[in-house]
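Q: Quick one: sequence and predicted model below, then my questions.
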Amino acid sequence: MDSQDKIARIVSIELTPVVIPFQEIVREAMSKSGGLGMAIPAEEAWTGIDCAICKMTDEAGNVGLGESYVWWPETGTSPNQIIEVIRQALAKYVLGESPFNVENICRRMDNNVARSEAAKGLLDMACYDLMGKVRGIPACEVMGGKPAEIPMAALIPLMDPDGMVTLARMFVDQGYRSLRLKLGHGIEEDVAIMNAMRKEFGKQVRIRVDYNQAYSPQEAVKAIKAIEPNDIDVAEQPVAATDYVGMAYVQKRVKTPLMAHEGCFSLSDIVTLAELGGIGAVGINTERPGGITPALKAMDFASQHRMGIVIHNQSAGISSAVLIHLAAARHAELGHAVELFGYVMLEDDLITVPIDYSGGIARVPAGAGWGVTLDEAALDKYSTGETVKLTLP
């Protein structure tokens, strides 16, 4: 750590809860399949995303940004709860520290607060933005990588087969060469969807599927085997989130690599699932396994164990930029296209200059840190509560 890094003490943390609605066309499409566009057994319609936004400032006035996107049926927490955990328990391990001591910050947060990965990750990712701002380099270089063009995957919600093919065609025509299909309303329907996709696109696209916990382990084996002739990259969360034994049961009986999502929040969850033989790919977003520091460790673990890495989320602009930098930092090890679909789904992305996704390729935003600027007017518009500001005593 050089002298410039040492003086980059964090002096304030500002936290704002926001809700960003989906675009009307997205809400209409999802309503046709029950309001969720997936097989997850939630009862409330999914109409937008809930986020906590972090602005972390150092003594020189550099600002690091973070964004944690959460959803009750998956993460089991809310932006206000994240903010309260930081206010009550986590801020003391960050304020007064240098962001370059992020490993020590993470260690202390883990030692003193169980779980709460979304809250820890919010602070962790803001530290990486600050490090990039202090050094005047992109955050992916702080992580040991360099800017790259990142191939993208398109998310296709669960609808009738013809509707899914039509939507997929739109993205393929734009340049996308990977699709993530939502399945899980029954094996017969799963097969019909997959057959329709391969009939339309042949081997032109790579396909991975997401069951959102739709099946029992025995049913999941039958479901995955039924579509394996259609060449599947990854099958995501075919069984209940907490059924690690069930994941292992399925993985040992199918050829397709499984990936956990709803049931995988921390680095230890990933390691446990891998050692049980329950996964063949590792899923990453900013909330799981909880920020950049554990995500890099999870990705290195995946590479060491010859598992693919799937980076995906439907977050707003800050988190999307975070994940693009993360993908650039480990670009050669991914093995799968990155899926960031917030820019398609959301009414606003809370950043002043949109990220370039043209041609199905994400470009690393130019500039120091994440390379994006928070749109303060949009933050005010979509905030659902007062900004909490925490400072050094």
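A: Structure received.

Q: contacting residues around the one residue sitting closest to the centre of the chain?
A: What sits nearest the mean C-alpha location of the chain, by Cα atoms, centre = their mean, is Asn285, with 2.6 Å. Contacts for Asn285 (Cβ atoms under 8 Å, 6 or more residues apart in numbering) come out as Tyr69, Ile311, His312, Asn313, Ser315, Ser319, Leu323. Every C-beta, even on glycine, is put in place using the N, C-alpha and C of the backbone.

Q: Check the gap between Leu296 and Leu323 for me.
A: Using Cβ to Cβ, to the nearest Å, Leu296 is found at 12 Å from Leu323.

Q: Among those two, which residue is more densely surrounded?
A: Neighbours were counted for Leu296 and for Leu323 using other Cβ atoms under 10 Å; Leu323 has more, 25 against 20.

Q: any chance you could read off phi and psi for that one?
A: Main-chain dihedrals, Leu323, degrees, to the nearest 10: phi -70, psi -30.

Q: so it touches Val310, yeah?
A: No. At 11.1 Å, Leu323 and Val310 do not qualify as touching, with contact defined as Cβ atoms under 8 Å.

Q: which residues are common contacts for these two?
A: Shared contacts of Leu323 and Val310, defined by Cβ under 8 Å, 6+ apart, comprise Ile284.

Q: returning to what we had before: which one (most neighbours) among the contacts of Asn285?
A: When neighbours are taken as other Cβ under 10 Å, the top entry among the contacts of Asn285 is Ser319 (30 neighbours).

Q: tell me which helix or strand of the protein sits lowest on mean pLDDT?
A: helix 3-6 (a mean of 55; mean pLDDT, DSSP states H and E).

Q: Give the next helix or strand downstream of the biggest helix by length in the chain.
A: If you go by DSSP state H, the chain has its longest helix at helix 117-135. With elements assigned by DSSP states H and E, the helix or strand that comes after helix 117-135 is helix 139-142.

Q: residues making contact with that following helix?
A: 128-129, 131-132, 135, 146-148, 292, 322, 325-326, 328-329, 364, 369-371.

Q: Just give me the closest of the contacts of Asn285 to Met197.
A: Proximity of the contacts of Asn285 to Met197 (Cβ to Cβ) peaks at His312, which lies at 18.5 Å.

Q: Now do the buried residues in the host helix or strand of Asn195.
A: In the assignment (DSSP H and E), Asn195 maps to helix 187-201. Across helix 187-201, burial judged by 16 or more other Cβ atoms under 10 Å covers Ile187, Asp190, Val191, Ile193, Met194, Ala196, Met197, Arg198, Glu200, Phe201.

Q: How about stretch 53-63?
A: Buried residues in stretch 53-63, counted by 16+ other Cβ under 10 Å: Ile53, Cys54, Lys55, Met56, Thr57, Asp58, Asn62, Val63.

Q: The fourth one: what's it in contact with?
A: Right, the one you point to is Met56. By Cβ under 8 Å, 6+ apart, Met56 lies in contact with 10, 12-14, 63-66, 94, 99, 123, 126-127, 129-130.

Q: Thanks again, I'm all set now.
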